[in-house]
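Predicted model and sequence below, questions to follow.
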Amino acid sequence: MADVKPHYSSQTKARKAALDILFMADQRDASVSETFAEQRTLSGNTVRELTTDIVLGVAEHQMEIDQRIAESTTMNWPLERMPCVDRNLARIAIYELDYTETPPSAVISEAVRLAGDLSTDESPAFLNGLLSKALAAKPTTN
C-alpha cells in the first residue's frame with residue numbers, strides 16, 4: 001500500500017498544528033504556552049489564527065477541559081491512560097465545543113478524521129463516543 005499523505009483543509013491544518021504543539025508540551029511535561037512560544041520562535045513561520053486560538057484557549061482552560069474529558073470517559077480509560085494524540089485531540093475538540101461557535105458536527109468530524117490519520121485504529125470510534133457524550137453533557141450558558 002502506498003503511503004499517501006492526506007489532503008487537509010486550512011482549518012484541519014490549523015488543528016493539526018495545534019495538536020503538534022499540545023502533543024509536544026504533553027510529551028515534555030512542559031507548559032503549553034511556553035512550548036507554543038518556543039515553536040513560533042524556532043519555525044519563524046506565521047501561525048494560523050485558528051492554531052493560536054486553539055493552543056492558547058486549551059492552555060487557559062486546560063483544567064476545565066480535562067475535567068470534561070474525564071467526565072466523558074469510563075473509569076477503565078482515564079485521561080492519563082489515553083494515547084497522547086487522542087488526549088490532545090479531545091482537548092482541542094472540547095475547547096472548540098465549549099468555548100467557540102464552531103458547529104459541533106464540524107468539531108467532532110475533524111477530531112475523528114485526525115484520529116483516523118494519526119492515531120490507533122480504535123481512536124476514531126473512541127473519540128467519536130467521548131465527544132458525543134461530552135457534547136450531550138455540555139454546560140449551558142445563560
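That came through fine.

Just give the number of residues close to Ala17.
By the other CB atoms under 10 Å criterion, the neighbourhood of Ala17 contains 20 residues. Bear in mind the C-beta positions are built from the backbone N, C-alpha and C, glycine included.

tell me the pLDDT at it?
Per-residue confidence for Ala17 comes out at a pLDDT of 94.

How about the one 10 residues further on?
pLDDT, the model's per-residue confidence, is 94 for Gln27.

and it, what element?
Mapping Gln27 onto the secondary structure by DSSP states H and E places it in helix 10-28.

following that helix, which helix or strand comes up?
Read in the C-terminal direction, the helix or strand following helix 10-28 is helix 32-43, with elements assigned using DSSP H and E.

what's that next one packed up against?
helix 10-28, helix 49-71 (3 or more CB pairs under 8 Å, 6 or more residues apart in numbering; DSSP states H and E).

which stretch among those helices comes nearest Asp98?
Asp98 sits nearest to helix 49-71 of all the helices and strands packed on helix 32-43, at 6.9 Å, using CB to CB.

Let me have the helices and strands packed on helix 32-43 in CSV, adding distance to Met82 as columns.
Compiled in CSV, those are given as follows (distance: least, CB to CB, whole Å):
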stretch, distance to Met82
helix 10-28, 10
helix 49-71, 8
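
Could you point out which of those sits nearest Arg91?
Between Arg91 and the helices and strands packed on helix 32-43, the shortest gap by CB to CB is with helix 49-71, which sits at 5.1 Å.

Any chance you could list what contacts that closest one?
The contact list for helix 49-71 (CB atoms under 8 Å, 6 or more residues apart in numbering) reads 11, 14-15, 17-18, 21-22, 31-33, 36, 78-79, 87, 90-92, 94-96, 98-100, 130, 134, 137.
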